[in-house]
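Novice: No sequence on hand, only this structure:
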């Protein structure tokens, strides 16, 4: 959400070239950040918690020190790679040479982020989630405030968009410094506690080679599984302009990339938030059921995770799609690209199912399968972009993104079904499709009526009112129809997370008795 708060003011300050430059820099940065930090912190957390459970704190400290050594080396290598490789990538790959400065400004952040990630993983292994959580909050606030502040100052000083985008990118560096400061504070605090408990220092007799082997064996599949969304965004930043230059010209291609990166990707990031949070809260239960070989409980929890992610994600996707024009007019500087926003947001339902099924595979110890499926999906994304872009332009590239997520979801579901049988909605799919179609149709009609208000009041006020009305109408109609069509049954409500129970319990009175009593 803070990312959206950053993108909106930047979009107003930058022109198409600046938006494209910032998009490319941000996508490169997130791609490398995922490689540097995803997977290893989770693995480190697991290794540290296991050793503390076995009363081997000296071994846990040695593992942590080994991870910090790797983080320092990875930070230096990735910073140099990003800084010195930026001009070549920006000019010859992405075809937006103005983005080189923005990429280089982000490079120093990678000096600290690998170490920050290891520290977060260690604290998680020591059952301290506050340290990582507070550091993330401080990091994001520092990044957003710095990015917007620097961009505004550079704009007022008369700098061109190349340097305004670079200034905005530098926010990532200040964010990393803020996060590192928080983690150092908690490190000092934890060290004092360990001294009071007289915990031993790191056992240096344990060879680093064995520790690294254990870390990378466990973490590499998780890293590659986590790359799906950053890799897709990185591919788009790299290929949109080269693929569209000959079709619509350099200026229009840059404008399409600017809309895709600074507008559409920001809005499309909203639907997965609640759905993934609710579904992944069930993953530890899935992992425990798998470890106990309790197939019945495993089946019910896998079904519930998939059902919750789809049912909670779809109304947000629907509302944002049908109100894309009004959202664009409310938040951004023009109405250009409303179709791009709507089309990309629609595809996020497959992103939600992909991320949920990836989490389930990780929970049942099949991270390697998830990794292979993500690699296949990314290959489909690349091939699809090159095949569809000549036919459908930017919409072909966006369509290949949805296809990528769909392919990964199908492969994941097939693998999960080989381990445990499940049914997401069974015979209720027709009721679900009708619910989405009716809610979407009503929302679209209200949006078309609402945008006529620009004739009678300021445009942004009209768009704000339209967004509020469409959002509320879609969600209310969606929830009511889910109950009336029997997609949700009263008999199964007790298995849902409490927030959903509170929403649906009063609505169950609307359900026909023949459906209410059915198991």
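Specialist: Looks like it arrived, so ask away. Being a predicted model, the structure only gives us computed values, none of them experimental.
Novice: what bits of the stretch 401-519 of the chain have low per-residue confidence?
Specialist: Within the stretch 401-519 of the chain, the stretches with pLDDT under 70 are 497, 513-519.
Novice: in the stretch 151-300 of the chain, which spans are helices?
Specialist: In the stretch 151-300 of the chain, the segments counted as helices under DSSP state H, counting those that start in this stretch are 161-169, 171-197, 208-225, 228-248, 250-258, 265-268, 272-280, 283-292, 295-322.
Novice: For the second one, give the mean pLDDT please.
Specialist: Read that as helix 171-197. Helix 171-197 comes out with an average pLDDT of 92.
Novice: How far off centre is that helix?
Specialist: Distance of helix 171-197 from its chain centroid, counting by Cα atoms, centre = their mean, to the nearest Å, is 25 Å.
Novice: One more: the last one?
Specialist: Relative to the chain's own centre, helix 295-322 is displaced by 17 Å; criterion: Cα atoms, centre = their mean.
Novice: Out of the helices of the stretch 151-300 of the chain, the one nearest residue 375 is which?
Specialist: Closest to residue 375 of those, according to Cβ to Cβ: helix 208-225, at 6.7 Å. (Glycine included, C-beta is placed from N, CA and C.)
Novice: Which positions within that closest one qualify as buried?
Specialist: By 16 or more other Cβ atoms under 10 Å, the buried positions in helix 208-225 come out as 211, 215, 218, 219, 220, 221, 222, 223, 224, 225.
Novice: closest to residue 110 out of the helices of the stretch 151-300 of the chain?
Specialist: Among the helices of the stretch 151-300 of the chain, helix 171-197 comes nearest to residue 110, with 8.0 Å by Cβ to Cβ.
Novice: list the helices and strands that closest one packs on?
Specialist: Helix 171-197 sits against helix 100-106, helix 109-125, helix 130-156, with contacts defined as 3 or more Cβ pairs under 8 Å, 6 or more residues apart in numbering; DSSP states H and E.
Novice: will you turn these into JSON lines that also has mean neighbour count, mean pLDDT and distance to residue 71?
Specialist: Formatted as JSON lines, the helices and strands packed on helix 171-197 follow (neighbours: other Cβ atoms under 10 Å; pLDDT from 0 to 100; distance: least, Cβ to Cβ, whole Å):
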{"stretch": "helix 100-106", "mean neighbour count": "25", "mean pLDDT": "93", "distance to residue 71": "18"}
{"stretch": "helix 109-125", "mean neighbour count": "25", "mean pLDDT": "89", "distance to residue 71": "4"}
{"stretch": "helix 130-156", "mean neighbour count": "18", "mean pLDDT": "92", "distance to residue 71": "15"}
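Novice: among those, which is nearest residue 370?
Specialist: Closest of the helices and strands packed on helix 171-197 to residue 370 is helix 109-125, at 19.4 Å (criterion: Cβ to Cβ).
Novice: so what secondary structure elements neighbour that closest one?
Specialist: Applying 3+ Cβ pairs under 8 Å, 6+ apart, one finds that helix 109-125 contacts helix 16-37, helix 40-53, helix 57-88, helix 130-156, helix 171-197.
Novice: ranking those helices by burial, who's on top?
Specialist: Most buried of the helices and strands packed on helix 109-125, by mean neighbour count (mean count of other Cβ atoms under 10 Å): helix 16-37, with a mean of 25.
Novice: Could you check the angle that one makes with helix 250-258?
Specialist: 40 degrees (axes from the mean of the first three to the mean of the last three Cα atoms, to 10 degrees).
Novice: lowest-confidence stretch among the helices of the stretch 151-300 of the chain?
Specialist: helix 272-280 (a mean of 72).
Novice: quick one, which of the helices of the stretch 151-300 of the chain is nearest to residue 65?
Specialist: Using Cβ to Cβ, the helices of the stretch 151-300 of the chain put helix 208-225 closest to residue 65, at 8.7 Å.
Novice: Perfect, that will be all.
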